[in-house]
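A.B. asks: Following is a predicted model, sequence given first.
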Amino acid sequence: MSEPVLEIKNLNVGYGLGDQGVRAVRDVNLTLHRGEVLGLAGESGSGKSTLAYGMTRLLAPPGVITGGQVIYHPAEGDPYDVLALSDERLRKFRWAETAIVFQGAMNSLNPVHKISTQLTDVLQAHEPKMSETSRLARAREMLKLVGIAPDRMDAYPHQLSGGMRQRVMIGMALILQPQVVIMDEPTTALDVVMQRQILGQLIELRERLGFSVIFITHDLSLLVEFSNRIAIMYGGRIVEEAPASAIYKDALHPYSQGLLGSFPALKGPRRELTGIPGSPPDLKGMPTGCSFHPRCPKAFDPCAGNIPVLGRPGTGDGRTRSVACWLHPTGEPVG
Amino acid sequence: MKFLLQRVAFYVFTAWAAITLNFFIPRLIPGDPVQALITKYQGQLSTQAIESLYVLFGIDKNGNVWSEYVDYWKQLFAGDLGLSFAFFPTPVSEVLSDSILWTLMLVGVTTILSFIIGTGLGVLAGWRRGSWTDGLLPVTTFFSSVPYFWLGIIAIYLLTGPDSFFPSGGGAEVGLVPAWDMYFIPSALQHSLLPALTILISSVSGWILSMRNMMVTVSSEDYITVAHAKGLPERRVALSYAARNALLPNVSGFALSLGFIVGGTFLVEIVFSYPGIGFQLFQALGANDYPLMQGIFLVITISVLVANLLADVAYLFLDPRTRKEG
């Protein structure tokens, strides 16, 4: 559990350069451990998708990675920095080591090719020695794994429902048995019943195949249920990181508390949903100090002046969690 | 298959409507060839001479329109399009078959070439957008908005002359008999060079522009990001994922331009006095040559319809979403 598989160190990602540029991800440190589900939550524009695209080097221009490292620990061999890979090595790294399931379930498949073609071309690109028949057999096996009848192999994407398409994408993501699967709001385009079904299936597959998951969503309630650890992002920074249960029971950062207060609990007494006043910060004109302080109900003197560092809080179970807030001055910084 | 039959039925109906219009329209135009001749001879023709001219040209003043219409269909199925007035007594079908080869060779080859070259360059420019290839865009915009016959006039003005390699007009050296031999073919090629280049330059630009724009649009689709994330080779992402989808709208444009091979570029043929269909149409108009006009319109109509049918078939193959499940 404690062995890391992906370490993000001081990652900075921006859009555009110079005066026109904005910094969407700032000094992010995050470690994904082997076999865990790490949730990444935050409002729209908090930088969570940019972080995912940044660490896999999939950002389209004008997105640029302005600094940092993404250290990947392969199953065998020495760890290496993904951001420093050559184009050809990056191509081989992609999907074989980290696969991604994207938010647009409807548009993630190429409309003019059959499902089988899109499943096998990954194999063709990464394992050129594999024979045509074994490629097809593997593709069929993956479809079965995600609960799609293998006779849908010859279907085109438009002949599948949204849920089926997303399951095909999950099957595709697992076809090379990657160690890390990044899920970027994989179920936002689907209804709640389908969401549950697919996520339940994913967790089951994870237990069987043992990959790690970075799960990105704005739906904190979903994360509390499905992930081991949760990192909360605000204004491009990670403001709190803790085991899922700790976040749920005892969130330290006022922003995490606000997020938790904005969805209803299934059990317990009825309470009023509060939400968070104001709107996410403009990346071009970030507030000074803690970027959350203009919206924070608990803001006090130091908040506007200095940026709080992500560090271990002094209290209680401080070993396993970290927070960036002046209410919880840090003993030791992380990273 | 059912879809295809439906399309064929639709095109047959369209062809019938077009041919019927084709029959009536020349008859609605004022003036007839005999009147034109009378004017030409300034009243020096006797009444008998005029009568014999009418008989000679086959214009029966006493027949009604309906029987002419029925006769027209009968002749059409027999491949008989009547006698040309302007090239009397050559049959229209012969005039057409002489000239259509010129047009197909010149415009057909250049249309296909320009589509292939333009689409290829467009894929490249769209995929490598933001690089030096974007510098081509103002040039292509300029050339695609210039009328090609004007480009032809400029080319004649600048490049032809008594000592020039490029002839200023005609299909081949005067006096050469069309044949697949070493005298005629080089001369025909030499004569087709300028008109071909004119069409090529102006139409290639349009293909580049539209293909590049579609590539840029498609490149931001989710499945392109997925293809990158899958670690597919760059070539496969560009061709099998991006270009394959970007091509679809261009295919229908290509089919339309195939339809206009016969009739669409007749201004170029006029500018270069190229003995193709367009040039014949121009002469037929001047001479009130109804049978020839009808024949040419018929050829244009049918080629547009056939091209559209081809586009439908191509779409069936290229875009699975248009296929209906049987």
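C.D. replies: Received the coordinates, thanks. Residues are numbered from 1 along each chain as shown, chains lettered A, B, ... in the order given.
A.B. asks: mind checking the SS state of residue 89?
C.D. replies: All of this is about chain A. helix (DSSP: H, G, I helix; E, B strand; the rest coil).
A.B. asks: hmm, I had chain B in mind actually
C.D. replies: Quick answer, by three-state DSSP: residue B:89 is coil.
A.B. asks: Then residue A:289?
C.D. replies: Secondary structure of residue A:289, per three-state DSSP, is coil.
A.B. asks: Who are the packing partners of the helix or strand where residue B:224 lies?
C.D. replies: Taking DSSP states H and E as the definition, one finds residue B:224 inside helix B:222-229. When contacts are defined as 3 or more CB pairs under 8 Å, 6 or more residues apart in numbering or on different chains; DSSP states H and E, helix B:222-229 sits against strand A:98-101. (C-beta placed from N, C-alpha, C; glycine too.)
A.B. asks: where does the strand it packs on sit relative to the chain's centre, distance-wise?
C.D. replies: 10 Å (CA atoms, centre = their mean, to the nearest Å).
A.B. asks: Please name the bridge partners of residue A:240.
C.D. replies: Counting by DSSP bridges, residue A:240 is bridged to residue A:232, residue A:323.
A.B. asks: circling back: how about the helix holding residue B:224 as PDB, C-alpha atoms only?
C.D. replies: What follows is helix B:222-229, C-alpha atoms only, in PDB (Å, rounded to 0.1, in the frame of the first residue of the first chain):
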ATOM      1  CA  ASP B 222     -12.300  13.700 -27.900                       C
ATOM      2  CA  TYR B 223     -11.500  10.600 -29.900                       C
ATOM      3  CA  ILE B 224      -8.300  12.300 -31.200                       C
ATOM      4  CA  THR B 225      -7.100  12.900 -27.600                       C
ATOM      5  CA  VAL B 226      -8.000   9.300 -26.800                       C
ATOM      6  CA  ALA B 227      -6.000   8.200 -29.900                       C
ATOM      7  CA  HIS B 228      -3.000  10.200 -28.600                       C
ATOM      8  CA  ALA B 229      -3.400   8.800 -25.100                       C
END
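A.B. asks: For the residue of the stretch 201-335 of chain A found nearest chain B, list the residues it contacts.
C.D. replies: Closest approach between the stretch 201-335 of chain A and chain B, counting by CB to the nearest CB: residue A:214, at 13.6 Å. Residue A:214 makes contact with A:6, A:32, A:38, A:40, A:52, A:180, A:181, A:182, A:183, according to CB atoms under 8 Å, 6 or more residues apart in numbering or on different chains.
A.B. asks: 10 Å instead?
C.D. replies: Residue A:214 makes contacts with A:6, A:8, A:30, A:32, A:36-40, A:48, A:51-52, A:55, A:98, A:100, A:180-184, A:227, A:231, as judged by CB atoms under 10 Å, 6 or more residues apart in numbering or on different chains.
A.B. asks: Which members of these additionally contact chain B?
C.D. replies: A:98, A:100, A:182 (CB under 10 Å from any CB of the partner chain).
A.B. asks: can you tell me which residues contact the residue in chain A positioned nearest to chain B?
C.D. replies: Ranked by CB to the nearest CB, the top residue of chain A for proximity to chain B is residue A:94, at 3.4 Å. For residue A:94, the contacting residues are A:56-58, A:82, A:85, A:100, A:122, A:125-126, A:176, A:178, B:228-232, by CB under 10 Å, 6+ apart.
A.B. asks: redo that, cut-off 8 Å
C.D. replies: Per CB under 8 Å, 6+ apart, neighbours of residue A:94: A:56, B:228, B:229, B:230, B:231.
A.B. asks: Which strand or helix spans residue A:58?
C.D. replies: Going by DSSP H and E, residue A:58 is not in any helix or strand.
A.B. asks: Which pLDDT value goes with residue 316?
C.D. replies: Because you didn't say which chain, this covers chain A. Listed pLDDT for residue A:316 reads 58.
A.B. asks: meant chain B, my bad for not saying
C.D. replies: Per the predicted model, pLDDT is 84 at residue B:316.
A.B. asks: returning to that earlier point: out of the contacts of residue A:94, who's the most crowded?
C.D. replies: Tallying neighbours with other CB atoms under 10 Å in any protein chain shown puts residue B:230 at the head of the contacts of residue A:94, with 26 neighbours.
A.B. asks: do you know how far that residue is from chain A?
C.D. replies: Distance, residue B:230 to chain A, using CB to the nearest CB, to the nearest Å: 5 Å.
A.B. asks: Next up, phi/psi of that residue, please.
C.D. replies: Note on residue B:230: backbone dihedrals following degrees, to the nearest 10 are phi -70, psi -10.
A.B. asks: so what pLDDT did the most centrally placed residue in chain B get?
C.D. replies: Residue closest to the average C-alpha location in chain B (CA atoms, centre = their mean): residue B:261, at 1.6 Å. On pLDDT, residue B:261 comes in at 75.
A.B. asks: give the contact list for it.
C.D. replies: Taking CB under 8 Å, 6+ apart as the test, what residue B:261 contacts is B:103, B:104, B:107, B:108, B:111, B:303.
A.B. asks: surely the fifth one meets residue B:202?
C.D. replies: Read that as residue B:111. No - using CB atoms under 8 Å as the test, residue B:111 is too far from residue B:202 to be in contact (11.5 Å).
A.B. asks: among the contacts of residue B:261, who's most crowded?
C.D. replies: That'd be residue B:107 among the contacts of residue B:261, by other CB under 10 Å, with 30 neighbours.
A.B. asks: mind listing what residue A:231 touches?
C.D. replies: With CB under 8 Å, 6+ apart, residue A:231 has these contacts: A:30, A:38, A:39, A:40, A:41, A:238, A:240, A:241.
A.B. asks: Now do the same contact list for the third one.
C.D. replies: With contacts defined as CB under 8 Å, 6+ apart, the neighbours of residue A:39 are A:215, A:216, A:217, A:223, A:226, A:227, A:229, A:230, A:231, A:244.
A.B. asks: Can you pull the phi/psi pair for it?
C.D. replies: Torsion angles, degrees, to the nearest 10, at residue A:39: phi -90, psi 140.
A.B. asks: for it, which residues make a bridge with it?
C.D. replies: Assigned bridge partners for residue A:39, using DSSP bridges, are residue A:215, residue A:230.
A.B. asks: re earlier: ok, what's across the strand from the residue of chain A closest to chain B?
C.D. replies: Assigned bridge partners for residue A:94, using DSSP bridges, are residue A:98.
A.B. asks: where does chain A dip in pLDDT?
C.D. replies: A:1-2, A:105, A:265-266, A:314-319, A:330-335 (pLDDT under 70).
A.B. asks: Contact residues of it facing chain B?
C.D. replies: By the rule CB under 8 Å from any CB of the partner chain, the part of chain A lying against chain B is A:56, A:58, A:60-61, A:90-96, A:99-100, A:102, A:104, A:107-114, A:121-122, A:125-126, A:156, A:158-159, A:169, A:172.
A.B. asks: Give me the buried subset of those.
C.D. replies: Buried residues within the residues of chain A next to chain B, defined by neighbour count using 16 or more other CB atoms under 10 Å in any protein chain shown: A:56, A:58, A:90-91, A:93-96, A:99-100, A:102, A:104, A:107-114, A:121-122, A:125-126, A:156, A:159, A:169, A:172.
A.B. asks: quick one on the thing from earlier: and the contacts of residue A:94, which two are furthest apart?
C.D. replies: A:56 and B:230 (11.3 Å; CB to CB).
A.B. asks: re the thing from before, now the contacts of residue A:94 in TSV, with distance to residue B:252?
C.D. replies: Below are these laid out as TSV (distance: CB to CB, whole Å):
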residue	distance to residue B:252
A:56	37
B:228	28
B:229	31
B:230	30
B:231	33
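A.B. asks: In space, what's closest to residue 293 - neighbours in sequence excluded?
C.D. replies: Unless you meant another one, I'm taking chain A. Nearest residue to residue A:293, sequence neighbours excluded (CB to CB, 6 or more residues apart in numbering or on different chains): residue A:303, at 3.9 Å.
A.B. asks: right idea, wrong chain: chain B
C.D. replies: residue B:284 (4.8 Å).
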